[in-house]
Structure formats: structure tokens, C-alpha cells
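**Student:** Here is a sequence with its predicted model. Questions after.
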Amino acid sequence: MKLPAGGPEKEFRRKIHYINPRFQGGAALLVSTMVVAGAVLFGALVYRDVGKALWESSMRGHFLAESPYEIVRDALLWHLAGLSVTVSCLALIAFLLLLNAVRSGIGRVIAAFRASEAGDLSTPTEAGGLKEFRRFGELVDLTRGSALDRVRALREEAAELASGGLPPEPFRARWEELKGKIREVAP
Amino acid sequence: MNPQAPSPPEPLFEHGYRLRFVLRLCLAFAAGAGALYAIFYFVLSRPLSGDYAGVFHALRNLSVFLRPVIALSVFIYVLLVCGAIAALCVFGLHKIAGPLYRMERVMEAVREGAPTRTVAFREGDQIEPLARAINGWIGKLRQDRQRWLAVMTDAERFCLVDETTCRGKMEEALRKLSGDMANYR
């Protein structure tokens, strides 16, 4: 089998990711659970009421209706309306809760980045809300921590060089090396 | 105006985005309810004909077959609506998940010290304030980097004068850098 050009250690990556299973999948699962619960309840209620209406009508003896639909129409329409309204309201509440969780998680991350602009790279983000945002917050902390390590290493190097004592040649070499390392900060 | 008053938080989601999502959700439920109604109408609208016994048995039979009819129609409803919800969550919430993914890539590049571009947005993408915050932080790092390099380049100019002055200026620049970098904690 032909290996990808980047070598076997390079992870294959799609350019566009449409699905984030934790976020989109979780939301779809939550709303779908509500739909399934609503549909099962609807089925049970329709079975009870429509069955009862048909049974009672057959026992009455005077068949005024032209089709069974006329007998069960009211019960059926009420249950359909109830199903639609219940499921819509539950889904709306779930969607608003989801947006609220996104807002809460992202809000903490934004605050962490604003603090980073002021130089605070060590205070944890502690993004709450959904699991996906907690994971994203951990990634942000990892990135900030990595930037802080880099800057600390540069600082130590600069302080060591500034303390003097190095002959001109090694000093110059380390000076150039330090410049190179500084260029790697957010290139 | 009080200059120290905090600016109001920027909205993470467009008003239209929320409204569109909710409307599509309701539309999916309405379509599902329509399909359910159509199935029941199709099953129950056959006319009751014949004599008393015929109608009596037709109604009795119908109430016996009601359970599989309801189970099938509910199953179709669940399939239709859940399919629509899955599509809606994939394509609607992608406006949040997509930017998050791109920001993860940018952060990964920052960690690796690879060249990074600012987080770009496509039409309709949400959570723009987060991208602005990331871009702001990376921009600040870049500014600092350029300032540090400028301090070093300034010191190097003194190497044209003489070696001792050059070394003194370089050490002074290094102390300045070290002090400047101490702001990061």
C-alpha cells in the first residue's frame, strides 16, 4: 500500500469537518430522545382513545359515520396537536439550554484569551457547560501553557546571556540562536 | 461616559440564526405530524359500507389492527423527524462546530510554533467573539515578538561602533527583554 506523502507518522486530516460527534451528535441525540418519548406517548394515547372510540361506536348500533375517520377525527387531531406542541416546546427548551451552555463555556474561554492578552497565561480557563467546551478549554490551557513555557525559556536564556561572562564568539552564537527562537513565537 | 465601565458582552449568536434554527425544528415536527395524519387518514378513511353486521365487523377488525397501524405510523414519524433533526443538527450546529474546529487547528499551530493565520469565518458562522479573542491574543504575541526582535536589532547596530559598546548594548537589550518577558506569568 502506498504511504501518504507526509510519511506514516502524519495523521490524515480532512479539510472540512462537518460533524463533531460530541456536540452535534449530542444535541441530535437529546432532541431525538424527546421525539421518541413523545411519539411513544402519542401512540399509547391514540391506541387507548381511538380504540375506545371505535369499540364504543361498534357497540352503539347506529352507524351515523361514513368512515372510521369521522369517528376518531377529534381524538386523533387533538393528540396530533398535543404531540407537535409538546415535542416543539421540549426541543425549544433543549435548544435554548444548549445555547446557554455554549455561551457559558465560550464566555470563559473568551475571558481566558483576554487575560492572556494582558500576560496571564497560567490561570486555568475552567470552561464549563458541555463536555465539548470543557475539552476546548483544556486545549486553550494547553496552548497558553505552551506559549508561557516558550516565553519563560526565552526569558531565562536572555537573563543568562545578560549576566555576561561568555566569550564573544559563543555569546554571538547564542544571541543569534535566541533571535531564532524569538522568531518562533506566534510566527 | 465612564471610560472604565466594561463594554457590554458581544452576542455569540446572531438573532436570525436562533430564529431560523427554531423555525426549521418546528417545521420538521409539523412535517412529521403531517405524515402521521396522512397515514391515519389513509387507513381510517375507507367508507363503512354494507349492512349492520358488515359495519360492526369492520369497526371491530379495525380496533384489532389498530396496534400495528399505530406502531408503524409512530415508527415512520420517528424516522422522519429524527432524520430531519440529525440533518438540522449537522448543518445548523456546524456554524458553531466548524469555527471551533478551525480554532483548534490554529491553537495546534501556535503550540507547534508553526506559522499561523488568523481564524477566518465563513458566511453565517457563529461565535465570532471567540475568534476575535484568539486573534487578539495571537496578535499581541506577535506584537511582543516584533518588539523583542526590534530591541535586539537596535542593539546590533552598535556593533558598527566598537566591540565593547556593542556587547554592552546587547546585554542591556537582553536585560530589557528579560524584564519585558517577565510580564508573562
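**Tutor:** Structure received.
**Student:** CA atoms for contacts and neighbours, from now on please.
**Tutor:** Noted.
**Student:** could you list every residue that touches residue 80?
**Tutor:** This is for chain A. The contact partners of A:Leu80, taken as Cα atoms under 8 Å, 6 or more residues apart in numbering or on different chains, are A:Phe42, B:Ala33, B:Tyr37.
**Student:** wrong chain, I was asking about chain B
**Tutor:** Neighbours of B:Leu80 in contact, by Cα under 8 Å, 6+ apart: B:Gly32.
**Student:** so how far is the helix or strand containing it off the chain centroid?
**Tutor:** Here B:Leu80, judged by DSSP states H and E, is contained in helix B:52-92. How far helix B:52-92 lies from its chain's middle: 35 Å, per Cα atoms, centre = their mean, to the nearest Å.
**Student:** Over to stretch A:151-164?
**Tutor:** For stretch A:151-164, the distance to the chain centre is 41 Å (Cα atoms, centre = their mean).
**Student:** B:Leu25 against A:Ser88, yeah?
**Tutor:** Yes - between B:Leu25 and A:Ser88 there is a contact at 7.4 Å, judged by Cα atoms under 8 Å.
**Student:** picking up where we left off before, can I get the contacts of A:Leu80 in CSV with secondary structure, distance to A:Ala153 and pLDDT?
**Tutor:** Formatted as CSV, the contacts of A:Leu80 follow (DSSP: H, G, I helix; E, B strand; the rest coil; distance: Cα to Cα, whole Å; pLDDT from 0 to 100):
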residue, secondary structure, distance to A:Ala153, pLDDT
A:Phe42, helix, 65, 95
B:Ala33, helix, 64, 94
B:Tyr37, helix, 69, 94
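**Student:** nearest to A:Ala147, of the residues you listed?
**Tutor:** For the contacts of A:Leu80, the minimum distance to A:Ala147 (Cα to Cα) is 54.1 Å, reached by B:Ala33.
**Student:** wait, doesn't that closest one sit right on A:Gly82?
**Tutor:** No - B:Ala33 is beyond contact range of A:Gly82, at 10.1 Å (criterion: Cα under 8 Å).
**Student:** which one of those two has more residues nearby?
**Tutor:** B:Ala33 (22 against 14; other Cα atoms under 10 Å in any protein chain shown).
**Student:** Tell me what angle the top helix by length along chain A forms with helix B:52-92.
**Tutor:** What stands out as the longest helix in chain A, according to DSSP state H, is helix A:68-117. Here helix A:68-117 runs at an angle of 10 degrees relative to helix B:52-92 (axes from the mean of the first three to the mean of the last three Cα atoms, to 10 degrees).
**Student:** Poorly predicted segments of the chain, please.
**Tutor:** Reading this off chain A. A:1-18, A:61-63 (pLDDT under 70).
**Student:** Sorry, I should have been clearer: chain B.
**Tutor:** Scanning chain B with the threshold set as pLDDT under 70 gives B:1-9.
**Student:** Try it again at 50.
**Tutor:** B:1-5 (pLDDT under 50).
**Student:** Which residue of it lies farthest from its centroid?
**Tutor:** B:Asp51 (63.7 Å; Cα atoms, centre = their mean).
**Student:** got a list of what the residue nearest the centre of chain A touches?
**Tutor:** Centroid-nearest residue in chain A, with Cα atoms, centre = their mean: A:Phe23, separated by 3.3 Å. For A:Phe23, the contacting residues are A:Glu132, B:Ala97, by Cα under 8 Å, 6+ apart.
**Student:** where do the helices sit along the chain?
**Tutor:** The chain I'm using is chain A. Counting by DSSP H, the helices of chain A are A:26-60, A:68-117, A:131-162, A:168-183.
**Student:** you looked at the wrong chain, it should be chain B
**Tutor:** Under DSSP H, chain B gives helices at B:15-44, B:52-92, B:94-112, B:128-156, B:163-181.
**Student:** what residue lies at the spatial centre of chain B?
**Tutor:** Central residue of chain B (Cα atoms, centre = their mean): B:Ile96, at 0.8 Å.
**Student:** Tell me the spacing between that residue and B:Ala87.
**Tutor:** Computed as Cα to Cα, to the nearest Å, the B:Ile96 to B:Ala87 distance reads 15 Å.
**Student:** Check A:Trp78 too.
**Tutor:** Separation of A:Trp78 from B:Ala87 (Cα to Cα) stands at 28 Å.
**Student:** give the contact list for A:Glu117.
**Tutor:** B:Gly136, B:Trp137, B:Lys140, B:Leu141.
**Student:** got it, and A:Gly129?
**Tutor:** A:Ala101, A:Val102, A:Ser104, A:Gly105.
**Student:** want to try JSON lines for those, with distance to chain B and neighbour count as columns?
**Tutor:** Output for the contacts of A:Gly129, formatted as JSON lines (distance: Cα to the nearest Cα, whole Å; neighbours: other Cα atoms under 10 Å in any protein chain shown):
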{"residue": "A:Ala101", "distance to chain B": "12", "neighbour count": "18"}
{"residue": "A:Val102", "distance to chain B": "9", "neighbour count": "22"}
{"residue": "A:Ser104", "distance to chain B": "10", "neighbour count": "16"}
{"residue": "A:Gly105", "distance to chain B": "11", "neighbour count": "23"}
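**Student:** For the residue nearest to A:Val36 when sequence neighbours are not counted, grab the count of nearby residues.
**Tutor:** Leaving aside its sequence neighbours, A:Val36 sits nearest to B:Val78 (Cα to Cα, 6 or more residues apart in numbering or on different chains; 6.1 Å). By other Cα under 10 Å, the residues close to B:Val78 number 23.
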